[in-house]
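# Generate a structure from the sequence data that follows.
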Amino acid sequence: MLGRGAIGDDGPMTPPRALLRFGWALHRALWSLSGHRIGTTRPGAGVGTLFLVTIGRTTGATRRNALFYIEDGSACIVVASNGGAGVDPAWWKNLQATPEAAIELGRRTVPVRARLADRTERARLWPRLVAANPPYATYQAAVSTDIPVVLLEPRG
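Prediction:
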């Protein structure tokens, strides 16, 4: 089992959690300062970046998280890896409580409904996710359960 920041046979070192948090905070600031012009991208050959807007399950407050994603038909696919921490990220817990959310792609906001990929979908999507973002393989190797793969499907 790999710990955070360990080098494993499966890939590069996972950055320390504090560095990941700083990077995402910087990303959110750049997105905000640019009037939403910089900071979200379409996947192209790898992963894209979107902002997921959820409602906090305990506070009721709006929460915004930058996430990597790939596209699968009309759905955006995200991974609830929490940087390999071994616990579900808060945004995934929020979606489990209230699956209706929104994604922000550039200046466009899309209402979505989140759901966990079933086993067949996960088996099909996981290789694509790892190919687009190889650290996912390292994160998965570090935990004993499957990391959730989440489909964000447009509503309406």
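
# tell me how far stretch 74-89 is from the chain's mean position?
Between the centre of stretch 74-89 and the centre of its chain there are 5 Å (Cα atoms, centre = their mean, to the nearest Å).

# Any buried residues in it, and which?
By neighbour count with 16 or more other Cβ atoms under 10 Å, stretch 74-89 contains the buried residues 75-84, 86, 89. Glycine gets a C-beta too; all of them are placed from N, C-alpha and C.

# Could you do stretch 113-129 as well?
Applying a neighbour-count criterion of 16+ other Cβ under 10 Å, one finds 113-114, 116-117, 121-122, 125-126, 129 buried in stretch 113-129.

# What lies in contact with the host helix or strand of W126?
With elements delineated by DSSP states H and E, W126 resides in helix 119-132, which encompasses its position. Contacting residues not belonging to helix 119-132 are listed as 43, 45-47, 68, 70, 72, 77, 79, 117, 136-137, 146, 149, 151 [Cβ atoms under 8 Å, 6 or more residues apart in numbering].
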